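A.B. asks: would you be able to build a 3D model of this:
(4 chains)
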There are 2 protein chains.
Amino acid sequence: MTKHSISIKDIAEATGLSITTVSRVLSGKAKQYRIGKQSQEKVREAAQKLHYVPNHFAANLRTGRSGTLALIIPSLNNPFFAGIASEINTELRKFNYITIISDSDENVETEKMELLQLTARNIEGLIIVPCGDQWQHIREIQDQGIPVVCIDRYFEDLDIPYVSTDNYEGAYKATRHLIENGHSRITCIQGVQTSTPNRLRVNGFTDAMKEAGFDSENIAGDDFTFQNGYLETKLLLQQKVRPTAIFTLSNTIAMGCVKALKEEQINVPNEISLITFDDHPYLDYLSTPLSCIAQPVSDISKIAVKFLLSKIQNKDISTSQVLLKPSMKLRDSIRKIN
Amino acid sequence: MTKHSISIKDIAEATGLSITTVSRVLSGKAKQYRIGKQSQEKVREAAQKLHYVPNHFAANLRTGRSGTLALIIPSLNNPFFAGIASEINTELRKFNYITIISDSDENVETEKMELLQLTARNIEGLIIVPCGDQWQHIREIQDQGIPVVCIDRYFEDLDIPYVSTDNYEGAYKATRHLIENGHSRITCIQGVQTSTPNRLRVNGFTDAMKEAGFDSENIAGDDFTFQNGYLETKLLLQQKVRPTAIFTLSNTIAMGCVKALKEEQINVPNEISLITFDDHPYLDYLSTPLSCIAQPVSDISKIAVKFLLSKIQNKDISTSQVLLKPSMKLRDSIRKIN
DNA sequence: GCGAAATGCACAAACGTTTGTGCTTTGTTT
DNA sequence: AAACAAAGCACAAACGTTTGTGCATTTCGC
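C.D. replies: Presented below is the predicted three-dimensional model:
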């Protein structure tokens, strides 16, 4: 019904003050520009009564600041990323920012498109879980003066800030745990090989295996997907000598693996032990509750937000790079063998 | 590095054409305003070379159209809603809209705050899963001329369009299925009582029970949460006469229920059968794969988008209200008893 | 070749804010 | 009472687009 949404001009007319004054009161600059108490009161009252809603577009056109931050993740359907999104969304709201969440669908081209769209909307900062090994377009954003923070996946040796898990240690710990339980034929099902986290996780795995004097070459797969986990496990089970344990490098891979194991009627952990990267509430209720390396999702998100905001405010361009310690959650998916 | 992001003015200078012409070419109005082929070419070339990125703020200030739609859901952490969000996000991108996803955290006040924020950003439409039984603020948005579509949860007898599942039928079917398998002592664990879907689901349950001549009063709980499912199941198990089957009205409730059953070492389905509303990939891999009433999430999302877009384009204010048929997915959580 | 129609483009206003600057009024100091 | 500082406010430009209108120039029918 409201034909024309009301502007500060309307408030100016209603109060008999100037547009300037109204703007200054409403944007909290009253003190700075010495607007009298009474005028302030009048303005606020009128704004209330007229249901004034500021037009961000006009304000942002003028100031260049959009009050909008962007979050790009590979997939909202992945509970791990959904968790991050939720956390970051609520965290940023506390600081009066609105977050535009984009789903790159694990596709670098989509990621680039999104990024273009987002810059057109003058985002003031970006938190991104890059979905490929390309970083030029991300770096470009940063070079345009827009603060960027990578989370989960990141690029080593680049001056883009990141906060992630100590993937090497997580994988090393998981592998050690399997070894300590008597396993020596362990297969690792990995994700995208070019991604840093995957590389580090694989390193953790192979180092632990080598240290123990075991074959560290049993690495299969090439994608952080359900399908990959499923297929690779299927293949694995057709070998003459099966592994005694599988280490999957993500929750999606793990679920595919579980599906394959179930289809082949392999009992976990009696026939094959299983441990995975990433935690999820559901893991507790699977037919065999799955042991895992849990990433500190909440901390990662909060620190990423902190980095981003401090960069936005201080224009502090020092590169901050942090790795948080993962924790191991033991459930019932690992059997001790002699 | 790029000191000052380049505008159509820069392109105008580069090409020797006027700002007007550049604008018209770039916004696809070249034909309409009879801009010559050559000029068009020059403009596009320059835009390319200068890496022109349009400033939405300016454009939107002028046109009033923001290219932004909003989606409000109760929780990104709920895979059911995350799925909807993902679907809608990608669907809307196809139409060159950007979606702002907001998480109301199952809190009406937050929902209202979000909505206010969003109107300030001139959203052109809203898809919402309302988290309470309050509708005034939503209705207000619609009255402002902004198309609104409710999904999943909605308000009966109101002229706000919605697309959801036929909750009554889903619940009725689930209950019938239990009854046909010999169950008569069935407890239903419900969610928020004031919500329409919950009410209809309960109706479906009680109608099926009454029809069969069974006690239809065994309804517990009051929240769509894990905790509620957990607690109510715990209480349930302390009764002298336990139900032979449980019907949970959401995936979150189901998981809480599963946790409680597991703690009390109740075997599903041997001791108690279980069926739930909402599907999820994980359900297949639980210790007992859970039978469920699956909602057509993808269809719901797509139809909602369709409604919204048609309303935006045609300013068609006819109220569209649709209920889609749910499907029953049988897994291994229901035991046939004599 | 003449008038009319079609083609190709530019002027300038407008969208709703923010903000540097400057004008008036009031208060304070001597 | 003169001089000056502080308080309180308004003017007007600017942000980067879009768009109604109008002025040239070309094309065409005859």
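A.B. asks: report how many residues lie close to the residue of the stretch 101-250 of chain A found nearest DNA strand D.
C.D. replies: At 8.7 Å from DNA strand D, A:Ala120 is the closest residue in the stretch 101-250 of chain A, using Cβ to the nearest atom of the strand. In short, each C-beta sits where N, CA and C put it, glycine included. Using other Cβ atoms under 10 Å in any protein chain shown, A:Ala120 has 17 neighbouring residues.
A.B. asks: over to A:Glu109?
C.D. replies: For A:Glu109, the neighbour count with other Cβ under 10 Å is 11.
A.B. asks: by contact count, what packs against the helix or strand hosting A:Val163?
C.D. replies: Assessed by DSSP states H and E, A:Val163 sits inside strand A:162-165. Identification of packing neighbours for strand A:162-165 by 3 or more Cβ pairs under 8 Å, 6 or more residues apart in numbering or on different chains; DSSP states H and E yields strand A:148-151, helix A:297-314, strand A:321-324.
A.B. asks: show me what it pairs with in its sheet, parallel or antiparallel.
C.D. replies: Strand pairing for strand A:162-165, determined by DSSP bridges: strand A:148-151 (parallel), strand A:321-324 (parallel).
A.B. asks: return the most buried member of the ones you listed.
C.D. replies: Among the strands paired with strand A:162-165, ranked by average contacts under mean count of other Cβ atoms under 10 Å in any protein chain shown, first place goes to strand A:148-151 (a mean of 25).
A.B. asks: domain parsing for chain A?
C.D. replies: The record's domain parsing of chain A by automatic domain parsing lists A:8-54, A:65-165+A:297-325, A:167-295.
A.B. asks: mind putting those domains in CSV, mean pLDDT and distance to B:Thr233 included?
C.D. replies: Formatted as CSV, the entries for the domains of chain A read as follows, by pLDDT from 0 to 100; distance: least, Cβ to Cβ, whole Å:
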stretch, mean pLDDT, distance to B:Thr233
domain A:8-54, 93, 45
domain A:65-165+A:297-325, 91, 23
domain A:167-295, 95, 13
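A.B. asks: could you measure A:Ser287 against B:Val108, distance?
C.D. replies: A:Ser287 is 39 Å from B:Val108, where distance means Cβ to Cβ, to the nearest Å.
A.B. asks: more crowded one of the two?
C.D. replies: A:Ser287 (18 against 15).
A.B. asks: for the more buried one, give me its contacts.
C.D. replies: A:262, A:268, B:285-288 (Cβ atoms under 8 Å, 6 or more residues apart in numbering or on different chains).
A.B. asks: ranges for the strands of the stretch 1-150 of chain A?
C.D. replies: For the stretch 1-150 of chain A, the strands defined by DSSP state E, counting those that start in this stretch occupy A:68-73, A:98-103, A:125-128, A:148-151.
A.B. asks: these two touch, right, A:Tyr52 and A:Ala14?
C.D. replies: No: using Cβ atoms under 8 Å, A:Tyr52 is not in contact with A:Ala14, being 9.9 Å away.
A.B. asks: need the residues touching each of those two.
C.D. replies: If you check A:Tyr52 and A:Ala14 against Cβ under 8 Å, 6+ apart, the residues they both contact are A:Ala46.
A.B. asks: quick one, phi psi at the closest residue to A:Ile186 other than its chain neighbours?
C.D. replies: Nearest non-adjacent residue to A:Ile186, counting by Cβ to Cβ, 6 or more residues apart in numbering or on different chains: A:Ala245, 4.7 Å away. In terms of degrees, to the nearest 10, the main-chain angles of A:Ala245 are phi -150, psi 150.
A.B. asks: swap in the one 3 residues further on?
C.D. replies: Summarising the backbone geometry of A:Thr248 under the convention degrees, to the nearest 10, its torsions are phi -100, psi 140.
A.B. asks: gap between it and B:Gln190?
C.D. replies: In this structure, A:Thr248 and B:Gln190 are 37 Å apart, going by Cβ to Cβ.
A.B. asks: neighbours of the residue nearest to A:Ser320 when sequence neighbours are not counted, how many?
C.D. replies: The shortest distance from A:Ser320 to any residue other than its chain neighbours is 4.6 Å, reached at A:Pro161 (Cβ to Cβ, 6+ apart). A count of nearby residues for A:Pro161, using other Cβ under 10 Å, gives 22.
A.B. asks: got a list of what A:Pro161 touches?
C.D. replies: Contacts of A:Pro161 (Cβ under 8 Å, 6+ apart): A:148-150, A:307, A:311, A:319-321.
A.B. asks: switch to 10 Å and redo it
C.D. replies: Shown in contact with A:Pro161 (Cβ atoms under 10 Å, 6 or more residues apart in numbering or on different chains): A:142, A:147-151, A:154, A:304, A:307-308, A:311, A:317-322.
A.B. asks: repeat for A:Lys49
C.D. replies: Going by Cβ under 10 Å, 6+ apart, A:Lys49 touches A:11, A:14.
A.B. asks: so which bits of the one helix or strand A:Lys173 maps to are buried?
C.D. replies: Element membership of A:Lys173 [criterion: DSSP H and E] is helix A:167-180. Within helix A:167-180, the residues that count as buried by 16 or more other Cβ atoms under 10 Å in any protein chain shown are A:167-179.
A.B. asks: stretch A:324-336 now?
C.D. replies: The neighbour-count check on stretch A:324-336 (16+ other Cβ under 10 Å) flags A:326, A:331, A:333-335 as buried.
A.B. asks: circling back: so which of the strands paired with strand A:162-165 is nearest A:Ala208?
C.D. replies: With Cβ to Cβ as the criterion, A:Ala208 lies closest to strand A:321-324 of the strands paired with strand A:162-165, at 17.9 Å.
A.B. asks: which residues does that closest one contact?
C.D. replies: The set of residues external to strand A:321-324 that reach it, using Cβ under 10 Å, 6+ apart, is A:149-151, A:154, A:156, A:158-170, A:200, A:295-297, A:299-300, A:303-304, A:307.
A.B. asks: what's the closest of the buried residues of stretch A:324-336 to B:Gln40?
C.D. replies: Once Cβ to Cβ is applied, the member of these that ends up nearest B:Gln40 is A:Pro326, at 55.3 Å.
A.B. asks: residue contacts, the closest one?
C.D. replies: The neighbourhood of A:Pro326, defined by Cβ under 10 Å, 6+ apart, consists of A:164-171, A:173-174, A:277-279, A:292-296.
A.B. asks: how about 7 Å then?
C.D. replies: Residues counted as contacts of A:Pro326 (Cβ atoms under 7 Å, 6 or more residues apart in numbering or on different chains) are A:165-166, A:169-170, A:293-295.
A.B. asks: same question, A:Thr99
C.D. replies: Applying Cβ under 7 Å, 6+ apart, we find A:Thr99 in contact with A:69, A:71, A:88-89, A:92.
A.B. asks: overlap between these and the residues near chain B?
C.D. replies: Here is what survives when the contacts of A:Thr99 are matched to chain B using Cβ under 7 Å from any Cβ of the partner chain: A:Asn89.
A.B. asks: might one say that A:Asn89 is in contact with B:Asp103?
C.D. replies: Yes: the pair A:Asn89 / B:Asp103 is scored as a contact, 5.2 Å apart, by Cβ atoms under 7 Å.
A.B. asks: of the two, who's got more company?
C.D. replies: Taking other Cβ under 10 Å, A:Asn89 and B:Asp103 do not tie; B:Asp103 has more neighbours (28 against 23).
A.B. asks: contacts only, for that one.
C.D. replies: Contact analysis of B:Asp103 by Cβ under 7 Å, 6+ apart lists A:86, A:89-90, B:73, B:75-76.
A.B. asks: ok, now A:Asn167?
C.D. replies: A:197, A:200-201, A:204.
A.B. asks: a markdown table please, covering the buried residues of helix A:167-180 and showing distance to B:Phe80.
C.D. replies: Below are the buried residues of helix A:167-180 laid out as a markdown table (distance: Cβ to Cβ, whole Å):
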| residue | distance to B:Phe80 |
| --- | --- |
| A:Asn167 | 30 |
| A:Tyr168 | 35 |
| A:Glu169 | 34 |
| A:Gly170 | 29 |
| A:Ala171 | 32 |
| A:Tyr172 | 36 |
| A:Lys173 | 33 |
| A:Ala174 | 30 |
| A:Thr175 | 35 |
| A:Arg176 | 37 |
| A:His177 | 34 |
| A:Leu178 | 34 |
| A:Ile179 | 39 |
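A.B. asks: all set now, cheers.
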